[in-house]
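1. Sequence and predicted structure below; questions after.
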Amino acid sequence: MIGRFFHAWERRLAAATTNRVVRPFEWGLDWMDHRGDSSADPAQRMEQGAAAALADPGWFASAPGPDYVLRDGRLTFPSQIETPHAANNTVHARYFPAESGDRRRAVLVLPQWNADTDAHAGLCRFLARVGISALRLSLPYHDARMPPELERADYIVSANIGRTLQVNRQAVLDARRAIAWLDAQGHDRIGILGTSLGSCLASLTAAHEPRVTAAALNHVSPYFADVVWDGLSTAHVRAGLDGAIDLDRLRRLWLPISPYPYIDRLRGTRVLLVYARYDLSFPVHLSRRFVAECERRRLHPRVFALPCGHYTTGETPFKWLDGYVLIQFLRRNL
């Protein structure tokens with residue numbers, strides 16, 4: 001009965017968004033660094049390219065030296081990856097310095113897919129009040145980074161396989177440059193907090209960025225593809241994929257941007273895994289599988305199950321419970 005109640009509530013909240021667009025399937029080879037054998041068909045080339053990206057130790061390597069500009073609490077700097085959309089090539093972030101404490105602690109905050117400019121600002125203010133500086137990053141193709149032809153951040157998660165790979169890689173590289181800026185400000189106890197899509201990106205960043213010592217992952221899954229395939233929030237993306245690709249192949253192609261291959265790289269990082277018992281967007285069996293895999297590999301994560309769904313995490317009282325769990329974890333582990 002409780003599950004039916006929350007699932008109905010989740011569907012009502014999801015249906016409130018009416019501007020989702022079903023975009024056509026594309027391989028997106030033009031977005032790939034590793035394009036495979038040019039004599040092969042597009043599917044084979046994508047398979048080869050994804051395998052090469054997964055095996056490439058430099059695929060998530062961050063290059064130093066961008067020009068950072070901080071003005072009125074807003075940080076901008078060039079993205080490491082240049083896309084065809086000029087607006088997306090400048091990274092935007094909001095800085096909330098700690099109001100008390102030794103000011104050495106800081107958290108990079110990665111919000112959910114299609115978050116607006118103010119999303120997670122309240123959480124960042126709470127972090128600042130308890131002595132943890134927060135830097136809230138705008139993901140690629142979001143708010144100030146969105147080109148005029150978009151109403152939603154479709155280019156970071158879409159039926160274009162190569163673009164989705166490259167833009168999520170861009171997000172991780174942007175996050176690593178943001179962490180380098182925090183380090184340069186004297187923050188030497190750095191954590192990361194991500195929600196939904198931001199959680200996936202936070203997991204990838206923590207796995208590749210040695211300066212991150214604590215990771216709060218809010219809604220989790222081992223695989224990027226499975227969430228898109230089965231999730232309520234991404235049903236319109238699935239509609240663009242249907243008939244052109246199956247889940248097994250999609251999982252292989254998007255494995256480089258999935259947390260699963262990098263779980264062992266989180267060893268030594270203090271990890272919090274939060275999932276929602278009635279989640280239809282990050283289906284709960286995926287979250288539990290990720291938790292089980294982290295426990296099997298003896299990462300000793302702290303785990304918290306919210307008594308709600310994905311969209312309802314943002315509703316009272318669940319947003320307060322979620323925020324409390326995230327903030328307490330970071331206070332204790334930074």
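-> Yes, it's here.

2. Report the central residue of the chain.
-> Closest to where the C-alpha atoms of the chain average out (CA atoms, centre = their mean) is residue 198, at 2.4 Å.

3. The residue of the chain positioned farthest from its centre: what secondary structure?
-> Distance to the chain centre peaks in the chain at residue 39, reaching 34.2 Å (criterion: CA atoms, centre = their mean). At residue 39 the chain is in coil, as set by DSSP: H, G, I helix; E, B strand; the rest coil.

4. Same question for the one 10 residues further on.
-> With three-state DSSP as the basis, residue 49 sits in helix.

5. Any figure for the gap between it and residue 228?
-> From residue 49 over to residue 228 the distance is 19 Å, taken as CB to CB, to the nearest Å. C-betas here are computed from N, CA, C, even on glycine.

6. Next, the buried residues of the lengthiest helix in the chain.
-> The longest helix of the chain (DSSP state H) is helix 161-184. Buried residues in helix 161-184, counted by 16 or more other CB atoms under 10 Å: 161-182.

7. what is the mean pLDDT for the helix or strand that that helix is followed by?
-> Using DSSP states H and E, the next helix or strand after helix 161-184 towards the C-terminus is strand 189-195. What strand 189-195 shows for mean pLDDT is 98.

8. again with stretch 79-95
-> 97.

9. neighbouring contacts of that stretch?
-> 62-63, 66, 70, 73-78, 121, 124, 133-138, 140-141, 143-147, 155, 166-167, 169-170, 173-174, 177-178 (CB atoms under 8 Å, 6 or more residues apart in numbering).

10. For stretch 102-114, list the C-alpha coordinates in CSV.
-> The C-alpha coordinates for stretch 102-114 follow below in CSV (Å, rounded to 0.1, in the frame of the first residue of the first chain):
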residue,chain,number,x,y,z
ASP,A,102,38.8,26.6,10.4
ARG,A,103,37.6,27.1,6.7
ARG,A,104,39.8,24.2,5.5
ARG,A,105,36.8,22.0,4.8
ALA,A,106,35.0,22.3,1.4
VAL,A,107,32.4,20.3,-0.6
LEU,A,108,31.8,20.3,-4.4
VAL,A,109,28.1,20.0,-5.0
LEU,A,110,26.8,18.5,-8.2
PRO,A,111,23.0,18.8,-8.6
GLN,A,112,20.5,16.7,-10.5
TRP,A,113,19.7,16.6,-14.2
ASN,A,114,17.8,19.7,-15.3
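
11. May I have the beta-bridge partners of the nearest residue to the residue nearest to the centre of the chain once chain neighbours are set aside?
-> Distance criterion CB to CB, 6 or more residues apart in numbering; nearest residue to residue 198, sequence neighbours excluded, is residue 110 at 3.4 Å. Here residue 110 sits in beta bridges with residue 194, as judged by DSSP bridges.
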